[in-house]
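Peer 1: Could you work out the structure for the sequence below:
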Amino acid sequence: MKPLWGSRSLASVGLTLALLVVGATAMAAACGGTSTTASNTPSATTSTSAEPSQSATPLPSPTVAGVIAFEKVVETGENFEGENSVTKSNICVVNADGTSLKTLAQAPTRESQPTWSPDGGRIVYVVYGVGMDNLNYAALWVMSGDGSGKRQLTKGSVRGIDPAWSLDGKQIAFSGTGLPGEGKTHFSIYVMNADGSGLRSVRRLAGGKTPQEYQPAWAPDGRILFLRLGDVWSVKLDGSGLAQLTKAGNVARFALSPDGKSIALQTSETVGVAATRGSGAPVTLIEPVSDFMVDPNAAAAWTSDGKALAMASGGPMGSRLYVVNADGSRLSAVPGVDTAAYPAWRPK
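Peer 2: Numbers count the residues shown, from 1 in each chain. I've put the predicted structure just below:
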């Protein structure tokens, strides 16, 4: 695969990108509607309220139909490093028009990054604080799309974030630490079977000196894309064929379209979409991000047909839940959702 950009910043090609993070209020309320409680999770740390999202600009309701899963921030507080972070959040679903808001997973700690299986029947997600008394630990769980059948996938010393289903729904890639002999602090790309078995590293670490690797995504050709050192890379499932796809140095998050032809990218100020191959001017979705989210961090998720994206904050302050067409037209906001993070469209 050829690089998406040469050795220049995204801003130099008319794009400065940004994706989604978490929002918060100091309320014990969930998303609303029926809730389903996850088990075996410890109590959250002492929390404080967060300020609401900065985006008070009136926006129309989305015209794109579909169901969106997202992280609903409930409380924030200081983490073990003294930084502001989410201490309590739930996994919720809502129709894009704001109806049928429902809590699927509600715990005393943080539940984050819901990701639908390709058939729309299951959700893999991150639960923080499992097995330890701080939010620095994270485990992957899976549940049915209605919130039932919750089960922990990663256990022991393994930490897992950024889950991504393979296109056939048989495997899950994630950014993780803790496999024997690979250390407990260096994040790299792992893959396991959808039932949690067969855990393995995609690339063997070189004495912990290789760059940290995050946000895996499965391409239609079976390669795994991931982020390291501010750029998007790809690798084959057996760890061979490592290739750098962008040469920007400032990509913070990315989201690959279902057909693999487009990619949403975030830098410090803008969320935009560019073609993965060939030329063409990138399309700006929102700019500056600070007009829509308190924290300049964002996360984006494509619809199954690749025609629109959902966006929300990726930091501890959260944001409204936005929907925008892939060509940058018709920015809208889901009614009644104001502290959202990490959205995911249910496949149709």
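Peer 1: Would you state the helices of the chain in chain order?
Peer 2: Applying DSSP state H to the chain gives no helices.
Peer 1: so where's it uncertain?
Peer 2: In the predicted model of the chain, residues 1-30, 32-57, 79-83, 130-136, 181-184, 204-209, 278-279 satisfy pLDDT under 70.
Peer 1: mind saving the C-alpha coords of stretch 248-263 as CSV?
Peer 2: This file holds the C-alpha atoms of stretch 248-263, laid out as CSV (Å, rounded to 0.1, in the frame of the first residue of the first chain):
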residue,chain,number,x,y,z
ALA,A,248,2.4,13.3,9.0
GLY,A,249,3.7,12.7,12.5
ASN,A,250,0.6,14.3,14.2
VAL,A,251,-2.2,11.8,13.8
ALA,A,252,-4.0,11.3,17.1
ARG,A,253,-6.8,8.9,16.1
PHE,A,254,-8.1,7.4,12.9
ALA,A,255,-11.0,5.4,11.6
LEU,A,256,-11.0,3.3,8.4
SER,A,257,-14.1,3.2,6.3
PRO,A,258,-15.8,-0.2,5.8
ASP,A,259,-14.6,-0.5,2.2
GLY,A,260,-11.1,0.6,3.1
LYS,A,261,-11.2,3.4,0.6
SER,A,262,-11.3,6.4,3.0
ILE,A,263,-9.9,7.2,6.4
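Peer 1: What residues sit buried inside that stretch?
Peer 2: Residues of stretch 248-263 classed as buried: 248, 250-258, 260, 262-263 (neighbour count, 16 or more other Cβ atoms under 10 Å). Where C-beta positions appear, they are placed from N, C-alpha and C, glycine not excepted.
Peer 1: for stretch 70-86, same thing?
Peer 2: Buried residues in stretch 70-86, counting neighbours by 16+ other Cβ under 10 Å, are found at Phe70, Glu71, Lys72, Val73, Val74, Glu75, Thr76, Gly77, Asn79, Asn84, Ser85, Val86.
Peer 1: In strands, which of those residues appear?
Peer 2: The strands in this structure, assigned by DSSP state E, contain Phe70, Glu71, Lys72, Val73, Val74, Glu75, Thr76, Gly77, Asn84, Ser85, Val86 from the buried residues of stretch 70-86.
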